[in-house]
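Visitor: Any chance you could fold what I've pasted below:
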Amino acid sequence: MESLKKNADFKNCYQHGKSFVNRYLVMYVCGNGQEKNRVGISVSKKVGNSVVRHRTTRLIREAYRLHEADFCAGNDIVFVARVRAKGIDYFKMEYALMQLIKKAGLLI
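Guide: Modelled structure (predicted):
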C-alpha cells in the first residue's frame with residue numbers, strides 16, 4: 001500500500017475528487033494516472049487525543065490493507081474519520097470502509 005504524504009496531493013483529492021459519506025468515514029476518490037492506489041488518512045483532533053487518533057488510523061489502514069486486492073487500481077483515496085469513529089471496533093470500521101468502496105464502485 002502506497003500512501004499520500006504531500007499536502008498538495010490531499011488538496012487535489014479534496015478539490016477534484018468525488019466524495020462518499022457514511023456514519024464513520026468520509027472518502028474522497030480521484031484518479032492518479034498510476035497503476036496502483038495511493039491512500040491518505042486524516043483524523044482530526046476532534047476525534048480524540050493522540051492515542052485515539054492513531055488507533056483510528058491503524059484500524060482504517062488495516063481494513064484497507066486486507067481488502068486491497070479487491071479494489072480497482074489507479075486512484076488516490078483519502079479517508080477522513082468523523083467524530084463518531086471514536087472508539088469503534090475493527091469490524092464496524094471494516095464495514096464502514098467497504099460500504100464506501102462499494103458506493104464508489106471501486107470493487108473489481
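Visitor: The residue of the chain most remote from its centre: what's it in contact with?
Guide: Distance from the C-alpha centroid of the chain peaks at Asn49, with 19.6 Å (CA atoms, centre = their mean). Neighbour list for Asn49: empty [criterion: CB atoms under 8 Å, 6 or more residues apart in numbering]. To be clear about C-beta, it is placed using only N, CA and C from the backbone, and glycine gets the same treatment.
Visitor: For it, give its distance to Gly87.
Guide: Asn49 sits 12 Å away from Gly87 when distances are taken as CB to CB, to the nearest Å.
Visitor: With Leu107 instead?
Guide: The gap separating Leu107 from Gly87 is 28 Å, by CB to CB.
Visitor: what do you get for Ala63?
Guide: In terms of CB to CB, Ala63 sits 16 Å off from Gly87.
Visitor: which one of the two has more residues nearby?
Guide: The residue with more neighbours, out of Ala63 and Gly87, is Ala63; 22 against 11, by other CB atoms under 10 Å.
Visitor: The more buried one falls within a helix, correct?
Guide: Yes - counting by DSSP: H, G, I helix; E, B strand; the rest coil, Ala63 is found in a helix.
Visitor: so what's the spatially most central residue of the chain up against?
Guide: Ranked by distance to the mean C-alpha position of the chain (CA atoms, centre = their mean), the top residue is Phe79 at 2.6 Å. Contact partners of Phe79, counting by CB under 8 Å, 6+ apart, are 25-27, 39-42, 60, 64, 97.
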